[in-house]
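Trainee: Next come a sequence and a model predicted from it.
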Amino acid sequence: MTIGLAEHHGALGFILLFVVVVDVAYYAFHRTSHRVRWLWATHSAHHRVHHACNPERINHNFGGALIVWDRMFGSYAHSDRHAPLRYGIDGVSPRYNALAIAFAEWRQLLTDMHRAGGPIAAVRTALSRPRAA
């Protein structure tokens, strides 16, 4: 006998399933309609700003599928044609080792947490904004 997701995992499982279904349905919509792109759909310029390390672009464009969240919470930033975007992790020299690239920021975070001066300060460090280089 099969147990349903909501019965087995409770409301949280149902909510997660609902979010995944909505997200997949949205991507189908995203590929077929561009009429409301300015508000709803992410696009390549939006995504480029998300990965930029320019000081004025850090902590912007978090919406994976919907720009509306960034617009609602004030984290939306447009791509400025006159100011080229830089990519990478601010203050870290470019690396070509895939593992070093993947774990460099985690290593720095753990180092910063260790130097914070106690468990509460370490948690504050982990939850704070990224430090400027």
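Mentor: In hand now; what should we look at? Numbers count the residues shown, from 1 in each chain.

Trainee: rest of the way, CA atoms for contacts and neighbours
Mentor: OK.

Trainee: Residue ranges in this protein under the pLDDT threshold?
Mentor: Scanning the chain for pLDDT under 70 picks out 1-9, 27-43, 64-65, 89-95, 130-133.

Trainee: The same query, at a cut-off of 50, please.
Mentor: For the chain, the stretches with pLDDT under 50 are 1-2, 6, 133.

Trainee: tell me the SS of the residue nearest to the spatial centre of it?
Mentor: Nearest to the geometric centre of the chain sits F62, at 4.5 Å (C-alpha atoms, centre = their mean). Using DSSP: H, G, I helix; E, B strand; the rest coil as the criterion, the local structure at F62 reads coil.

Trainee: Return the residues in contact with it.
Mentor: The contact partners of F62, taken as C-alpha atoms under 8 Å, 6 or more residues apart in numbering, are 50, 70, 75.

Trainee: Tell me who's in contact with the nearest residue to the second one once chain neighbours are set aside.
Mentor: Distance criterion C-alpha to C-alpha, 6 or more residues apart in numbering; nearest residue to D70, sequence neighbours excluded, is Y76 at 4.6 Å. Contacts of Y76 were listed using C-alpha under 8 Å, 6+ apart, and they are 60-61, 67, 70.

Trainee: For those residues, give me TSV that also has distance to V24 and neighbour count.
Mentor: As requested, the contacts of Y76 are exported to TSV (distance: C-alpha to C-alpha, whole Å; neighbours: other C-alpha atoms under 10 Å):
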residue	distance to V24	neighbour count
H60	23	19
N61	20	25
I67	16	21
D70	19	18
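
Trainee: Now for these: which two are most distant?
Mentor: Spatial extent of the contacts of Y76 (C-alpha to C-alpha) is set by the pair H60 and I67 at 10.6 Å.

Trainee: Now secondary structure and distance to L110 too, for the contacts of F62, in CSV please.
Mentor: Shown next, in CSV, are the contacts of F62 (DSSP: H, G, I helix; E, B strand; the rest coil; distance: C-alpha to C-alpha, whole Å):
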residue, secondary structure, distance to L110
H50, helix, 23
D70, helix, 28
S75, coil, 26
